[in-house]
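**Q** One predicted model, sequence on top.
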Amino acid sequence: MSEQTQNPEQEVELNEEISKMQADVEAADQHSEQEQSPEAEIAMLYAELEAAKQTIADQKDGVVRAAADVDNIRRRAAQDVEKAHKFALEKFANELLPVIDNLERAIEFSDKENETLKPLLEGIDMTVKSFNDAVSKFGVEIVNPQGEQFNPDFHQAMSIQPSNDVTPNTVLAVMQKGYTLNGRLLRPAMVMVSKAADA
């Protein structure tokens, strides 16, 4: 049998093989055209490596910043909770101060020589002491600066009195005691302050 009288199925297979071989040759040609010199390929790989390193550095920086933000938020939240615990009684303590003032005034302006009032005054005095002890357990402290240097952070000057007996800016008299709550001023002490006497 001659080559011309081949089976049509064989012809189709042969044509497919030829097409496949031509495609492989074309692909090889394209690949060889795309191939670069080793130096260019190394330079390209270095560039990709540097880009990858920069991406990693940026991501590390982002992770460090995020961790710092979380730490700051946690610290602020803890401080807010601590302040809330410390100063939760501020309004309540402010409402108690006039009661303590009135009890102290009752003792101060009463007739201490009157024998019938002595037991009553002793009871009021004990009540004031127990009041002060109770509020001090919760961080309320008395500011009674008699004889101390004037401190505008804790004292309010109601008047100024010339005096040679004490140094200038000394508290001569306390008109009303002040109070602090855990170091924070609730009410300043109202005071009379000395100044140098005119010569």
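**A** Received the coordinates, thanks.

**Q** For residue 100, see how far away the residue nearest in space to the middle of the chain is.
**A** Ranked by distance to the mean C-alpha position of the chain (CA atoms, centre = their mean), the top residue is residue 76 at 3.0 Å. In this structure, residue 76 and residue 100 are 35 Å apart, going by CB to CB, to the nearest Å. No exception for glycine: its C-beta is placed from N, CA and C like everyone else's.

**Q** Could you do residue 113 as well?
**A** Taken as CB to CB, the span from residue 113 to residue 100 is 25 Å.

**Q** Show me which of those two is the more surrounded one.
**A** residue 100 (19 against 7; other CB atoms under 10 Å).

**Q** Spell out, range by range, the helices that occur in this protein.
**A** For the chain, helices defined by DSSP state H occupy the ranges 8-34, 38-87, 90-108, 118-136.

**Q** Dump those helices into CSV; add distance to residue 170 and mean pLDDT as well.
**A** As requested, those are arranged in CSV below (distance: least, CB to CB, whole Å; pLDDT from 0 to 100):
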stretch, distance to residue 170, mean pLDDT
helix 8-34, 93, 70
helix 38-87, 31, 88
helix 90-108, 22, 90
helix 118-136, 25, 92
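
**Q** nearest to residue 160, of those helices?
**A** helix 90-108 (23.3 Å; CB to CB).

**Q** can you state the direction angle for that closest one and helix 118-136?
**A** 160 degrees (axes from the mean of the first three to the mean of the last three CA atoms, to 10 degrees).

**Q** what does helix 90-108 contact?
**A** 121, 124-125, 127-128, 131-132, 135, 138, 140, 176-177, 179, 181, 184, 186-187 (CB atoms under 8 Å, 6 or more residues apart in numbering).

**Q** how about it: buried residues?
**A** If you call a residue buried by 16 or more other CB atoms under 10 Å, then helix 90-108 has these buried ones: 93, 96-97, 100, 103-104.

**Q** okay, those residues in JSON lines with distance to residue 162 next?
**A** Formatted as JSON lines, those follow (distance: CB to CB, whole Å):
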{"residue": "93", "distance to residue 162": "36"}
{"residue": "96", "distance to residue 162": "37"}
{"residue": "97", "distance to residue 162": "31"}
{"residue": "100", "distance to residue 162": "32"}
{"residue": "103", "distance to residue 162": "34"}
{"residue": "104", "distance to residue 162": "28"}
